[in-house]
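Visitor: Below: sequence and its predicted model.
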Amino acid sequence: MPVPEDLLSQLRRFPDVEAPNLFAVDGADRLILDEAGAALLAAQPGTVAVIGDRYGALTLGAVAGFGVRSPRVHQDPLTGEQALAANAERAGLAGSYRSCGLDAELLAGAKVVLLQLPRSLAELEEIAETVARHADPDVVVYGGGRVKHLSVAMNEVLARSFADVHATLGRQKARVLVARGALPAASTPGYPRRERLDELGLEVVAHGAAFAGTKLDIGTRFLLDQLPRMSPDAATAVDLGCGTGILAVSLATARPELTVIATDQSAAAVASAAATARANGVEDRVTALRDDAMSTLADASVDLVVCNPPFHVGAAVHTGGALAMFRAAGRVLRPGGELWTVYNSHLGYRGPLRSFVGSTEQVARNAKFTVTRSVRDA
């Protein structure tokens, strides 16, 4: 059975950012399905797992093109889950798959794993060791990506969990790495990782897909310098795009009267932030929430938002995600509430911040970053 091009051509990224230079399907999706085709055709129901499917090409392609039944799917970004659900509904394939965490529920009994290779080696390492630990011993992983985003280090990471790793021939600027033979050493989990940041006096816990891992991002460090100036009377705060939760936990630690929501669309980030809060004894005042740009928070319900927004969508440089976060901050802040933002200075976000939130001033700037304070208009 061929890759179902009619279906793939209809897939959308929505509700993720959509733009002419951003695509729901690429050559890596097609090549993964092709390389795994024979294994997919032979797969018994419930023995296929899909990891990192961005918008549904792998999951729906396997179901519609190769007759796969009951695949289990893990997508770290919430927008990926939502896009897959929307695409499945439009294609008449709603209910044909099951979403899971990166755990035994996803992988128990799995003999075929389709994987969009992540750019982060830490994320790939956690995925590989989790597959090797929980899947069927005869599992075969078909991991693909754009050639420009692949590296020899990815082979080395996979080889720590699998005895045989080899690359297929490239096509349409994509390539697939095939891994089989799970190694016993992979039975000892290496994630989440934990490290003490002495400069902050915090323990940071990080899953592989969490931005910056257990390290302190330099933009976050610059924003933390301004913490004493942030909305001194605030009772409620949100760390928007929380990553491992360093900003949320720092706020809660410095201000015992403050309750904080650490929110991110990444499942790994939310799990990391919750673990970081527990590790620092503030889990009673820091709530970790997986959400897309605070969509579940009420209007005018928050006193303070802190944000170190991304300047990319996937591998593409794009400001759409940051602008959506600013718009959301303007909605959830109470009149007079504050948004504190750190960003690469060349991005020039002051205009959008004024438009979406209110009066905006620069409060700090160094060679790379700008920190602004925006006050919600009454």
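Guide: Yep, it's here.

Visitor: What residue spans form the domains of the chain?
Guide: As assigned by automatic domain parsing, the chain contains the domains 5-187, 193-375.

Visitor: Can I get those domains in JSON lines including mean pLDDT?
Guide: Output for the domains of the chain, formatted as JSON lines (pLDDT from 0 to 100):
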{"stretch": "domain 5-187", "mean pLDDT": "94"}
{"stretch": "domain 193-375", "mean pLDDT": "94"}
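
Visitor: Dump these to a markdown table, plus mean neighbour count.
Guide: Every residue, glycine included, has its C-beta placed from N, CA and C. Below are those laid out as a markdown table (neighbours: other Cβ atoms under 10 Å):
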| stretch | mean neighbour count |
| --- | --- |
| domain 5-187 | 19 |
| domain 193-375 | 20 |
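
Visitor: measure A43 to V140 for me?
Guide: For A43, the distance to V140 (Cβ to Cβ, to the nearest Å) stands at 10 Å.

Visitor: Need the overlap of contacts for these two.
Guide: Residues within reach of A43 and of V140 at once, by Cβ atoms under 8 Å, 6 or more residues apart in numbering, are 111-112.

Visitor: Which strand or helix spans A153?
Guide: Secondary-structure element containing A153, defined by DSSP states H and E: helix 152-159.

Visitor: just Q362 next, same as before
Guide: When elements are assigned from DSSP H and E, Q362 belongs to strand 360-365.

Visitor: Next, the residues that contact that strand from outside, please.
Guide: Counting by Cβ under 8 Å, 6+ apart, strand 360-365 makes contact with 222, 225-226, 229, 340, 345, 350, 353-354, 370-375, all of which sit outside it.

Visitor: again, but for stretch 9-18
Guide: With contact meaning Cβ under 8 Å, 6+ apart, stretch 9-18 is reached by 22-25, 54-57, 60, 77, 79-80, 82-83, 86-87, 90-91, 292, 313, 318, 320-321, 324.

Visitor: V25 is in contact with D53, isn't it?
Guide: No: in this structure V25 lies outside contact range of D53 using Cβ atoms under 8 Å: 10.5 Å.

Visitor: nearest residue to A209 other than its sequence neighbours?
Guide: A268 (3.6 Å; Cβ to Cβ, 6 or more residues apart in numbering).

Visitor: Would you mind measuring from the one you found to L60?
Guide: Using Cβ to Cβ, we find A268 at a distance of 24 Å from L60.

Visitor: and the most centrally placed residue in the chain, what does it touch?
Guide: With distances taken as Cα atoms, centre = their mean, the residue of the chain nearest its centroid is S266 (3.6 Å). Residues counted as contacts of S266 (Cβ under 8 Å, 6+ apart) are 76-78, 209-211, 290.

Visitor: Could you do I51 as well?
Guide: With contact taken as Cβ under 8 Å, 6+ apart, I51 is in contact with 73-74, 102, 106, 113-116, 127, 131.

Visitor: Pairing partners for it in the sheet, please.
Guide: In this structure, I51 bridges to H74, L115 when assessed by DSSP bridges.

Visitor: Now do the contacts for D284.
Guide: With contacts defined as Cβ under 8 Å, 6+ apart, D284 is in contact with no residue.

Visitor: nope, Y349 is what I meant
Guide: Y349 makes contact with 319, 322, 326, 341, 343, 370, 372, according to Cβ under 8 Å, 6+ apart.

Visitor: Give me the distance between the strand ranked longest in the chain and the centre of its chain.
Guide: With DSSP state E setting the assignment, residue counts place strand 333-344 as the longest strand in the chain. Centroid displacement of strand 333-344 relative to its chain, using Cα atoms, centre = their mean, to the nearest Å, is 23 Å.

Visitor: same for it, what does it pack against?
Guide: Contact analysis of strand 333-344 by 3 or more Cβ pairs under 8 Å, 6 or more residues apart in numbering; DSSP states H and E lists helix 218-224, strand 302-307, helix 320-332, strand 369-375 as its packing neighbours.

Visitor: in its sheet, what does it sit against?
Guide: Using DSSP bridges, strand 333-344 pairs in its sheet with strand 302-307 (parallel), strand 369-375 (antiparallel).

Visitor: quick one: contacts of it?
Guide: The set of residues external to strand 333-344 that reach it, using Cβ under 8 Å, 6+ apart, is 219-220, 222-223, 226, 230-231, 234, 300-309, 311, 322, 326, 329-330, 349, 353, 357, 363, 368-378.

Visitor: Good, we can wrap up now.
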